[in-house]
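Engineer: Predicted structure and sequence below. I'll ask about it afterward.
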Amino acid sequence: ATTASITLIVGASGLLAWILAREQVPQQVADGLLGLTDNPLVFLLLVNVLMILLGAVLEGISVLVIAVPILLPIAAEFGVDPVHFGVIIIMNLMIGLLTPPIGAVLYVMSPVARMPVHEVFRGTLPFLIPLLVVLLLVTFVPATVTFLPRLLGL
């Protein structure tokens, strides 16, 4: 039953991702982001909001396949390191997996804990605060992510 419900959620989010891609919604969002700001930090904050929202309603792989090819060149135009940008995207999608309405992790944890989804979310809610703080730290201080790759010469 758990596998079936997760598969249904992933399938539905895959269908929604296909519809969004067909209607060129990611391109329109990217154009809107470029029209809103010319500041790299504001761009990254907008990407944070967008990715958390997309991660909350779509499956992570679908978001990666659709949004990253559009957003990565824009991030490169702003001078954002690709490793830094990748970590930001993955952290946002991870946070999105813990937030309703879809929140696939919540639906996995619910039957395991034998609790309704809303109670599972209430239990995970306090953990979202430190996750968001770390996300903001990573967003505003790129060295937290790029230190080790640069140390290794990558």
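Structural biologist: Here it is on my side, so go on. These figures come from a predicted structure and were not determined experimentally.

Engineer: okay, CA-based contacts and neighbour counts for the rest of this
Structural biologist: OK.

Engineer: What residues of stretch 144-154 count as buried?
Structural biologist: Buried residues in stretch 144-154, counted by 16 or more other Cα atoms under 10 Å: 145-146.

Engineer: can you check stretch 43-55 too?
Structural biologist: 43-44, 47-48, 50-55.

Engineer: correct me, but N92 touches N48?
Structural biologist: Yes: here N92 reaches N48: they are 6.2 Å apart, a contact under Cα atoms under 8 Å.

Engineer: Secondary structure element for the residue nearest to the spatial centre of the chain, which one?
Structural biologist: Most central in the chain under Cα atoms, centre = their mean is L93, positioned 2.5 Å from the mean C-alpha point. Assigned by DSSP states H and E, L93 falls within helix 82-97.

Engineer: Could I get the buried residue list for that helix?
Structural biologist: Those would be 84-85, 87-97, for helix 82-97 by 16+ other Cα under 10 Å.

Engineer: returning to that earlier point: was I right about the residue nearest to the centre of the chain contacting M51?
Structural biologist: Yes: L93 is within contact range of M51, at 6.1 Å (criterion: Cα under 8 Å).

Engineer: in this structure, what spans have low per-residue confidence?
Structural biologist: 1-2, 6 (pLDDT under 70).

Engineer: show me the contacts for I74.
Structural biologist: Residues near I74 by Cα atoms under 8 Å, 6 or more residues apart in numbering: 30, 34.

Engineer: For L33, see how far away it is.
Structural biologist: Distance of I74 to L33, computed by Cα to Cα, to the nearest Å: 9 Å.

Engineer: same deal with V83?
Structural biologist: 20 Å.

Engineer: coming back round to it: and the residue nearest to the centre of the chain, how far from T37?
Structural biologist: Going from L93 to T37 by Cα to Cα gives 23 Å.

Engineer: cool, I90 as well?
Structural biologist: Going from I90 to T37 by Cα to Cα gives 23 Å.
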